[in-house]
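>>> Structure for this input, please:
(one chain, ligands or ions: 1)
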Amino acid sequence: MAMKLSERVQQIGPSATMAASERARQLRATGVDVLDLGPGQPDFDTPEHIREAGVRAIREGRTRYTAVAGIPELREAVADLYSHREGIIYRPEETMITCGGKQGLFNIFAALLNPGDEVIIPTPYWVSFPEQVKLAGGVPVPVDTDEADGFELRAETILDACTERTKVVLLNTPSNPSGAVIGRDEMQDLARLALERDFYLLVDECYASLVYEGSEHVTPLVVGPEAKDVTIFCGSCSKSYAMTGWRVGYVAAPAPLIKACSSLQGHSTSNAASVSQYAALEALVGDQTPVRQMLTTFAERRDAVLPRIREISGMTCVEPRGAFYAFPNVNGLLSEDLATSADLSAWLIDECHVVTVPGTAFGRDGYLRLSYATSMTVLEEALERIAGACEKLAT
Ligand SMILES: Cc1ncc(COP(=O)(O)O)c(C=O)c1O
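Next up, the predicted model:
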């Protein structure tokens, strides 16, 4: 008998990355040496001092419910982080702690969107953005950024897509999957547009600490304190501190939104795990050397893999300015048999046992996402295999 699922969940699809992972798992089970360029998480361990803070919290018995919006020390640390970085006071009541950036975003959409409200989402986008918007009753409006611009979002693109129903514009900088970073001039224009047209700028800055030399992390507050009312920050400890499994994210936004998100969270998960919050506190206020070291390693890998990707016949690739993904254009490799990047990605698993994520998962067919959050040894071998396989397609 067919399960009577809600219309709400029937609108959302399973993660497109799951098919590739499943195929890789099957191959691995038969003893095949599969190389994985799919991961969306750092390959480093959580830094020692942060793990120790988690252990200490367990030993000290900090294992009960905390306030829904987070332990006061951590909210204060988040408020300090924003006050210091933006040069504008953020109070603890303007922050909250969530179970990863994912829950922060989920709370925000659920708290803001009425049926039919539009959320403009630049493509290529992170897979969960449109699905979360739909779950909250909103309408995702994808708009394409231009590869020739390095996928940097232009304010003009938003102006063209704006309607009376536009409630939120999503800014993911640096971007997963393109690595694009929104520059100062564009950010100024976007902030002015938000003020003029009365929509919110939701800044997903989960990769804020991973911006490479030559680029900078700029936020809408660059135009001044007046942008604070229309800016919603969603951050995370996952990527910056290699803490994906701890599940700690945070939101900084006007107090009424934080209050609404806290009520929502109070009826769903309640607080982020208590022990994780103490670890996150150490992450934010403790030694930042590991963050710099990870950035240096990712930059070295990017510099090593980019020329190799560009040498592969049929591929071109813009330079990622942040995060840890390359997003090569693979249109030159598509054909009648391999019509989409999803077909190509599946073919690469079978042909040379390398896992990639197809651009179709990010709203842009014709691209692959290659994560370099893995060792140079794996990266070199994987790219060699891909290059060999693509030679066959080119001939
Ligand atoms: C752009 C972006 N936002 C948010 C998240 C959520 O991460 P987490 O829930 O682990 O903080 C991710 C994770 O991949 C991401 O890539």
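>>> Which parts of the stretch 51-200 of the chain are helices?
72-86, 100-112, 128-135, 155-161, 184-197 (DSSP state H, counting those that start in this stretch).
>>> contact partners of the second one?
Contacts of helix 100-112 from elsewhere in the structure, counted by Cβ atoms under 8 Å, 6 or more residues apart in numbering, are 96, 98, 119, 128-129, 132-133, 135-136, 138, 167-168, 200, 202, 204, 206, 232, 234-236, 238, 247-251, 253, 257, 260-261, 264-265, 269, 272. All C-beta spots, glycine's among them, are computed from the backbone N, C-alpha and C.
>>> Does that helix reach the ligand?
Yes. Helix 100-112 lies within reach of the ligand by Cβ under 6 Å from any ligand atom, at 100, 101, 102.
>>> As CSV, these with pLDDT and neighbour count would be great.
Below are these laid out as CSV (pLDDT from 0 to 100; neighbours: other Cβ atoms under 10 Å):
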residue, pLDDT, neighbour count
100, 98, 22
101, 98, 25
102, 96, 18
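>>> ok, and which of the helices of the stretch 51-200 of the chain has the densest surroundings?
helix 100-112 (a mean of 23; mean count of other Cβ atoms under 10 Å).
>>> does residue 335 sit in a helix, a strand or a coil?
coil (DSSP: H, G, I helix; E, B strand; the rest coil).
>>> Quickly check: stretch 343-357 near the ligand or not.
No. Against the ligand, stretch 343-357 shows no contacts by Cβ under 6 Å from any ligand atom, the least distance being 11.2 Å.
>>> Just the buried positions in that stretch, please.
343-346, 348-349, 351-357 (16 or more other Cβ atoms under 10 Å).
>>> who's in contact with it?
Stretch 343-357 has contacts (Cβ under 8 Å, 6+ apart) with 16-17, 19-21, 23-24, 27, 32-38, 177, 330, 333-334, 337-338, 358, 368-371, 382, 385-386, 388-389, 392.
>>> for stretch 254-274, same thing?
57, 62-71, 91, 93-100, 103-104, 107-108, 110-112, 228-229, 232, 246-249, 251, 253, 277, 280.
>>> pLDDT on that stretch, on average?
Averaging the model's pLDDT scores along stretch 254-274 yields 98.
>>> Export that stretch to CSV, keeping only CA atoms.
The C-alpha trace of stretch 254-274 is given here as CSV (Å, rounded to 0.1, in the frame of the first residue of the first chain):
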residue,chain,number,x,y,z
PRO,A,254,17.8,41.2,14.6
ALA,A,255,16.5,40.1,18.1
PRO,A,256,12.9,39.4,17.0
LEU,A,257,14.1,36.9,14.5
ILE,A,258,16.3,35.2,17.0
LYS,A,259,13.4,35.1,19.4
ALA,A,260,11.2,33.4,16.8
CYS,A,261,13.9,31.0,15.8
SER,A,262,14.5,30.1,19.4
SER,A,263,10.8,29.3,19.9
LEU,A,264,10.9,27.1,16.8
GLN,A,265,14.0,25.3,18.0
GLY,A,266,12.4,24.9,21.4
HIS,A,267,9.7,22.8,19.8
SER,A,268,12.0,20.7,17.6
THR,A,269,15.5,19.8,18.7
SER,A,270,15.9,22.2,21.7
ASN,A,271,19.6,23.1,22.4
ALA,A,272,22.6,22.0,20.3
ALA,A,273,24.4,19.2,22.2
SER,A,274,25.7,20.6,25.5
